[in-house]
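# next come a sequence and a model predicted from it.
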Amino acid sequence: MIKLLTSVSFVFSISLVACASAPVKPVPPKTVKAKPRIQLAQNTAPPRKLTQAETFLAWKKDFTARAIAKGYAPALVHSVIENAKINPRAIERNNTQPEFSKPIWSYVDGAASAVRIQEGKDKLAQHKTLFDQIEARYPVDRNILTAIWGLESAYGKIMGNHDIIDSLATFAFEGRRQKFGERELIAVLDVLTNQTVRQEQLTGSWAGAMGMTQFIPSTFRDYGVDFFGDGNKDLWASEGDALGSAAHYLSRHGWRIQEPVFTEVILPKGFDYSLANNTKKTISGWAALGIRDVGGKNWSRDAMFLEAKLLIPAGANGPIFLTFKNFDVIKKYNNSTSYALGITVLAKSYQGQTAIQRDWPRGDIPLTLTDRKNLQRALTRQGFNTKGVDGQIGPNSRRAIRAWQKANGYPVDGYVEKKLLAKILAK
Ligand SMILES: [Ca+2]
């Protein structure tokens with residue numbers, strides 16, 4: 001599920017950062033022609049609210065007309081849209097924002113479960129020739145590809161059996177994923193126009209992600225490959241097509257075969273945590289600030305030139321990382337820090353390597369959605385403006401948290417769990 005803005009890996013995605021939410025909006029009314037005066041005088045009651053079925057039908061007619069106007073074959077558009085049904089699961093998931101967050105360590109541990117590691121090792125052995133062929137065409141680490149395969153669909157065992165067109169039409173006709181739904185339906189029209197896939201193949205998650213690598217239709221259209229050239233891009237039954245497509249995607253987003261994904265580090269006392277997240281420096285630049293490899297090793301000469309960003313996902317008491325370009329490339333696949341860590345830990349596990357040395361602060365309890373809103377209100381009330389109360393901890397909230405920590409004598413790591421929240425609320 002490669003995604004654009006939102007993570008589409010809903011099977012495993014967690015909401016450390018909550019999804020954007022918006023109230024459910026009805027489809028805007030069409031332009032109403034002026035009615036005869038006499039009717040206006042009589043018609044004083046407010047218009048009846050359309051039923052869901054009526055709104056959906058109106059959307060279908062409107063979308064069909066617009067797609068045909070864009071030049072898609074009318075017969076194709078009708079065959080895609082006419083039989084689309086509302087997917088109740090998609091409606092339900094569309095309208096709820098999860099209240100509870102899973103701690104990052106429980107996601108990362110779960111990603112590299114013993115079963116998933118063993119199955120991945122088996123897949124690497126079983127498909128060795130295929131991976132040789134894929135790596136020859138796209139220079140991407142096979143362990144990472146296998147980890148993506150394992151996390152996205154349990155190596156092809158859990159791909160979802162929803163009709164993708166139903167899910168996307170459901171998003172498109174109302175709610176907070178309207179733009180996504182429409183854009184992805186257009187992508188469906190593109191791939192069916194190209195005839196590289198058949199409409200009945202298009203099954204997947206309630207969220208619109210398909211096949212072993214959980215591609216949404218626009219990703220399928222832009223990055224899907226027919227690896228052995230049999231005329232069908234089969235992300236559901238062909239390992240070559242699925243893994244080749246994922247490799248193509250990572251490669252086009254800038255995967256660097258010679259570089260690691262991240263390296264774990266320790267910070268010197270009194271380190272300026274505000275350098276975390278976005279500041280890019282070479283390893284040599286970070287070393288000059290006193291950052292060291294967690295195991296005390298010296299970095300190689302070559303490594304000193306690599307550019308990296310500092311990641312502090314669980315505060316000053318958790319493991320801390322320098323992340324490289326490849327970390328960002330994995331986040332292009334699924335925009336989640338936990339996902340990028342989980343994929344890398346799993347990929348290293350296939351080779352018997354441990355990616356993270358220091359333990360997580362497992363006693364910490366993550367904030368719920370309500371907690372995050374209360375946090376934003378309390379900070380703003382105390383003069384540390386979060387610029388809104390939406391339960392999403394973005395750059396403004398992070399800045400406000402750091403300012404509060406600084407003013408109150410806490411480590412300025414921008415990390416808040418239940419205990420610190422209680423202290424902030426008590427002020
Ligand atoms: Ca194929």
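Yep, that arrived.

# pLDDT below threshold where in this protein?
Scanning the chain for pLDDT under 70 picks out 1-44.

# how about the strands in it?
162-163, 203-204, 262-266, 280-282, 292-293, 307-311, 320-323 (DSSP state E).

# around the ion, which positions in this protein sit nearby?
Residues of the chain lying close to the ion (CB under 5 Å from the ion) are 226, 230, 232, 234, 238, 241. Quick note: C-beta positions are derived from backbone N, CA and C, even for glycine.

# now list the buried members of these.
Neighbour counting over the residues of the chain next to the ion (16 or more other CB atoms under 10 Å) leaves 226, 234, 238, 241 as the buried ones.

# tally up the residues packed near the nearest residue to the first one once chain neighbours are set aside, please.
In space, not counting the residues next to it along the chain, Asp226 is nearest to Lys233; the distance is 4.9 Å by CB to CB, 6 or more residues apart in numbering. Summarising burial for Lys233: neighbours were counted as other CB atoms under 10 Å, giving 24.

# which non-adjacent residue is nearest the residue of the stretch 251-400 of the chain found nearest the ion?
When scored by CB to the ion, the stretch 251-400 of the chain has Ser251 as its residue closest to the ion, at 18.2 Å. Residue nearest to Ser251 in three dimensions, not counting chain neighbours: Tyr138, with 4.1 Å by CB to CB, 6+ apart.

# so that neighbour touches His253, yeah?
No: applying CB atoms under 8 Å, one finds Tyr138 not in contact with His253, separated by 11.1 Å.

# of those two, who's got more company?
With neighbours defined as other CB under 10 Å, Tyr138 and His253 compare such that Tyr138 has more, 21 against 18.

# Glu152 versus the more buried one, what's the distance?
17 Å (CB to CB, to the nearest Å).

# then Ile320?
Ile320 is 27 Å from Glu152, where distance means CB to CB.

# likewise Leu185?
Leu185 is 22 Å from Glu152, by CB to CB.

# who's more crowded, the two?
A count of neighbours by other CB under 10 Å puts Glu152 above the other of Leu185 and Glu152, at 30 against 26.

# test my guess that that one contacts Gln214.
Yes: applying CB under 8 Å as the test, Glu152 and Gln214 come out as touching, 4.2 Å apart.

# tell me, how many residues neighbour Lys281?
18.

# check contacts around it.
By CB atoms under 8 Å, 6 or more residues apart in numbering, Lys281 lies in contact with 289, 307-308.

# so what's it bridging to?
Here Lys281 sits in beta bridges with Ala308, as judged by DSSP bridges.

# neighbours around Leu359, how many?
In this structure residue 359 is Asp, not Leu. Counted with other CB under 10 Å, the neighbours of Asp359 add up to 10.

# again with Phe220
Other residues lying near Phe220 total 28 when counted by other CB under 10 Å.

# likewise for the one 3 residues further on?
Other residues near Tyr223 number 20, with proximity taken as other CB under 10 Å.

# and the nearest residue to it once chain neighbours are set aside, how far is that from the ion?
What sits nearest to Tyr223 in space, not counting adjacent residues and going by CB to CB, 6+ apart, is Tyr249, at 4.3 Å. Between Tyr249 and the ion the distance is 16 Å, computed by CB to the ion, to the nearest Å.

# ditto for Ala154
Look at Ala154 and the ion: by CB to the ion, they are 22 Å apart.

# show me what contacts that residue?
Neighbour list for Ala154: 116, 119 [criterion: CB under 8 Å, 6+ apart].

# burial count for the closest residue to the ion within the stretch 51-200 of the chain?
Distances between the stretch 51-200 of the chain and the ion by CB to the ion are smallest at Thr196, namely 8.6 Å. Neighbours of Thr196 under the rule other CB under 10 Å: 18.
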